[in-house]
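Chemist: Here is my input; please provide its structure:
(one chain, ligands or ions: 2)
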Amino acid sequence: MIKFLPLGGADEIGASCFYLNISGTGILLDCGIDPKKEGVDGIPNFDQLSDLPLDFVFITHAHQDHIGSLPFLIQKFPHVIIYSTPQTKEIADITLHNAANILLENQTLENGMKIYTHEEIDLLVKSIRELEYDTFLPVKGLRHEGSEEIKILFKDAGHILGSAGILIEHSNHKIFYTGDINLTDQSVMIHADLKLVNKIDTLILETTYGATDSSKLGTWESELKRFAKSVNNILHKGGSVLIPVFALGKTQEMLASIHNLIQKRILTDTHIYTGGIGRDISKVYDANRYLTRRKTSELELKEIPQINLLEIQDYNEFKKNPGIVLASSGMMLQGTTSFKLLNYWLQQEHFAIYGVGYMDPQTPGYRIINSGKGDEIIVTEFGQPQKVKCNIDRFYFPSHSKREDLIKIVTVVKPSRVILVHGEPAAKNWVGQKILESAKHIKVNSAANNDWISL
Ligand SMILES: [Zn+2]
Ligand SMILES: [Zn+2]
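Modeler: Ligands and ions are numbered 1, 2, ... in the order given. Predicted structure coming up:
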């Protein structure tokens, strides 16, 4: 008997956390946090677990929406055994400490949530067990019924360093959870590896780009050309370009992309500004360049000349030494480096802000990227209207599959049931509709938080 229960992230890109009860063994797939929400609203509904067996957590990758609630889970369930790829563990050591810093600064936690310390994170990260790609791991929970074990396999998901899709097999039932998955190459990462993933009974599928028309996304190569042309324009006028990026993934992909464009003389040679944990994560990318699948293993990110953004005191420096600024957070959340640069940038006529990744509609980044030169915008909920004097543009360098590729995954792995997660309702609708049109025998469920599905 297998039962599935989403505790978060079913209908949104938020606190991804999915519970599976497989013959009495309790498994969590991911344990994310929603950084847009405050306090308990941002963590998965762990209350649902109080009367259920819980033995293992498998983390697909180190983005906050997949790993950020682990410290809270461990406070409630200290006995649980956590697995990730070695790379995800290495990155988590950086990102979970960074999240602890932010939490200790804000201290906005309410009812039932305890702030965790750096010591607790040290212990937590140390306790994470490593599982390499393509190696079957047999597991059995404390209250497992029967003698047959559950087999777990991590597959490279092509999304960021260390990202995995998870194959779960138990007594003739095969489940594949995509995590965040990308079927196309980026500048550093290459497409997901779906070998061995076939004849699946249940596919748990992310749907991030389900509502996005793929013609808008273009191809990675065509977007690079358009991007280089626009950046050249700004640089030639003496302006600087601010690119809000996630510290994990997008920073490294953009850094490699910019470097390649400069090498090929498509982009003007210019200063590159980076800062914060993005630089530490780049070191993990470098250290693993021969250990994981890569576009080119030769490229070392640390060899690309970069100026430390956090050492810049006077923002007029960006006029004196124009360049490209890669600053996190990717959605320009309040208090982050990209948000701090924003006020200055908005007032500079020859400067530009370019969006390159996913932005949630409720974030400052989304409001800015959807505005244009000359518009009046309100950046934060209770802020004053501000005039946009700089240039604004949007480029697509997706680290998630475009929607046709989501359908391709279904075609390749041939599931009898698909459970849609990690997407807005409109995104899930498009994907669900397409699956039903292409194969009528496939059962499609739109997952909902706190609603059981029996498999
Ligand atoms: Zn992700
Ligand atoms: Zn995600």
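Chemist: rest of the way, CA atoms for contacts and neighbours
Modeler: Fine.
Chemist: And this protein, what are its domain boundaries?
Modeler: 2-212+399-454, 219-394 (automatic domain parsing).
Chemist: those helices in the chain, which residues are they?
Modeler: For the chain, applying DSSP state H gives helices covering 64-67, 70-76, 86-106, 118-127, 214-217, 220-236, 250-263, 277-287, 317-320, 337-346, 364-369, 403-413, 425-438.
Chemist: The ones you listed into a markdown table, with extra columns for distance to residue 186 and mean pLDDT?
Modeler: Below are the helices of the chain laid out as a markdown table (distance: least, C-alpha to C-alpha, whole Å; pLDDT from 0 to 100):
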| stretch | distance to residue 186 | mean pLDDT |
| --- | --- | --- |
| helix 64-67 | 21 | 97 |
| helix 70-76 | 28 | 95 |
| helix 86-106 | 18 | 90 |
| helix 118-127 | 28 | 96 |
| helix 214-217 | 13 | 88 |
| helix 220-236 | 7 | 96 |
| helix 250-263 | 7 | 98 |
| helix 277-287 | 14 | 97 |
| helix 317-320 | 28 | 97 |
| helix 337-346 | 23 | 95 |
| helix 364-369 | 22 | 95 |
| helix 403-413 | 15 | 97 |
| helix 425-438 | 23 | 96 |
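Chemist: In contact with residue 395, which residues?
Modeler: 217, 223, 227, 354, 355, 356, 357 (C-alpha atoms under 8 Å, 6 or more residues apart in numbering).
Chemist: if I look at it, how far off is residue 137?
Modeler: Look at residue 395 and residue 137: by C-alpha to C-alpha, to the nearest Å, they are 40 Å apart.
Chemist: quick one on the thing from earlier: out of the contacts of residue 395, name the two that are farthest from one another.
Modeler: Taking C-alpha to C-alpha, the two most distant members of those are 217 and 354; they sit 14.7 Å apart.
Chemist: And the contacts of the least confident helix or strand in the chain by mean pLDDT?
Modeler: Using mean pLDDT, DSSP states H and E, helix 214-217 stands out as the lowest-scoring helix or strand of the chain, at a mean of 88. Residues from elsewhere that reach helix 214-217 (C-alpha under 8 Å, 6+ apart): 395, 396, 397, 398, 402, 403, 404.
Chemist: same thing with stretch 90-100?
Modeler: 62, 67-68, 116-118, 121-122, 125, 277, 280-281, 284.
Chemist: which one is residue 407 nearest to, not counting chain neighbours?
Modeler: residue 435 (6.7 Å; C-alpha to C-alpha, 6 or more residues apart in numbering).
Chemist: Okay, now the unreliable bits of the chain?
Modeler: Applying pLDDT under 70 to the chain picks out residues 106-112.
Chemist: quick one, what contacts the residue nearest the centre of it?
Modeler: For the chain, the residue sitting closest to the mean C-alpha position, by C-alpha atoms, centre = their mean, is residue 63 at 4.5 Å. Contact analysis of residue 63 by C-alpha under 8 Å, 6+ apart lists 32, 248.
Chemist: Next, count neighbours for the residue nearest to residue 407.
Modeler: A count of nearby residues for residue 435, using other C-alpha atoms under 10 Å, gives 21.
Chemist: Tell me if I'm right that residue 164 and residue 157 touch.
Modeler: Yes: at 4.7 Å, residue 164 counts as touching residue 157 under the criterion of C-alpha atoms under 8 Å.
Chemist: Common neighbours of these two, please.
Modeler: 178, 179, 180, 181.
Chemist: Can you tell me which of those lies closest to residue 382?
Modeler: residue 180 (33.0 Å).
Chemist: still on that earlier bit, pick the most buried one from the domains of the chain.
Modeler: Mean neighbour count, computed with mean count of other C-alpha atoms under 10 Å, is highest for domain 2-212+399-454 among those, reaching a mean of 19.
Chemist: From the opening residue of that one to its closing one, how far?
Modeler: End-to-end span of domain 2-212+399-454 (C-alpha to C-alpha): 6 Å.
Chemist: cool, stretch 102-116 as well?
Modeler: 11 Å.
Chemist: Equivalent analysis for stretch 325-335, please.
Modeler: 17 Å.
Chemist: what comes into contact with that stretch?
Modeler: Applying C-alpha under 8 Å, 6+ apart, the set of residues contacting stretch 325-335 is 240-247, 251, 272-275, 278, 309, 336-340, 357-360, 363-366.
Chemist: Please give the centre-to-centre distance between that stretch and its chain.
Modeler: On the basis of C-alpha atoms, centre = their mean, to the nearest Å, stretch 325-335 sits 14 Å off its chain's mean C-alpha point.
Chemist: Make residue 1 into 780 and carry on from there
Modeler: Shifting the count to begin at 780 puts that one at stretch 1104-1114.
Chemist: Off-centre distance for stretch 1175-1195?
Modeler: Its chain's average C-alpha position is 16 Å from that of stretch 1175-1195, according to C-alpha atoms, centre = their mean.
Chemist: For the nearest residue to residue 780 once chain neighbours are set aside, list the residues it contacts.
Modeler: Spatial nearest neighbour of residue 780, excluding adjacent residues (C-alpha to C-alpha, 6+ apart): residue 802 at 5.4 Å. By C-alpha under 8 Å, 6+ apart, residue 802 lies in contact with 780, 781, 923, 924, 925.
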